[in-house]
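> Have a look at this prediction, sequence included:
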Amino acid sequence: MSTFSVFDIAASGMNAQSLRLNLVASNISNANSISSSLGEVYKSRQPVFAAELKNSMSQNSAAVGVEVKGIVESDAEPVMEYSPHHPMANEEGYIFRPNVNMVEEMANIMSASRSYQNNVEVFNTSKQLILQTLKMGQ
């Protein structure tokens, strides 16, 4: 593994956590949206990550970063609420709220921000180590 590949690994981790933070922000901002039909209601979205692997000549795989495999919508049922006087109510008097769990989203935002911060620390520490190594040659 190259000395500079640590920067690629940290950068891919920062990109992944940035996507995760954006999805959490989207989930939180849509948590109180209301729909009149089950098909139109907002569904909580989460990223799917995987370790990127690079085959070396010795057939050993080494992790070289984080790959975003996709974004999935939650299978949890939306909240159906009886509110016949609401302007968005359907024919039966129901409105639909998103399946966003605010406690889960707050835990996700704390975890993602800490993971992002850890990747920044890896990046900065590696940079400092390389600079110190270069200073040794002077």
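Received, thanks.

> So in the protein, which helix runs the longest?
The residue-count maximum for a helix in the chain (DSSP state H) belongs to helix 102-136.

> and residue 96, how many neighbours?
Residue 96 has 23 neighbouring residues, counting by other C-beta atoms under 10 Å. Every C-beta, even on glycine, is put in place using the N, C-alpha and C of the backbone.

> what about it, which SS state?
In three-state terms, and counting by DSSP: H, G, I helix; E, B strand; the rest coil, residue 96 is strand.

> and what of residue 69?
At residue 69 the chain is in strand, as set by three-state DSSP.

> Leaving out sequence neighbours, find the closest residue to the spatially most central residue of the chain.
What sits nearest the mean C-alpha location of the chain, by C-alpha atoms, centre = their mean, is residue 20, with 1.6 Å. If the residues on either side of it in the chain are set aside, residue 20 comes closest to residue 112, at 4.2 Å by C-beta to C-beta, 6 or more residues apart in numbering.

> how near is that neighbour to residue 22?
Here residue 112 is placed at a distance of 9 Å from residue 22 (C-beta to C-beta, to the nearest Å).

> ok, now residue 15?
Distance of residue 15 to residue 22, given as C-beta to C-beta: 11 Å.

> for residue 40, same thing?
Summarising the geometry, the distance separating residue 40 from residue 22, computed by C-beta to C-beta, is 22 Å.

> and if you look at residue 105?
Residue 105 is 12 Å from residue 22, by C-beta to C-beta.

> out of these two, which sits in the busier spot?
More neighbours surround residue 105 than the other of residue 105 and residue 22, with 19 against 13 (other C-beta under 10 Å).

> I'd guessed the more buried one sits against residue 27; true?
Yes: with the criterion set as C-beta atoms under 8 Å, residue 105 and residue 27 qualify as a contacting pair; they are 5.3 Å apart.
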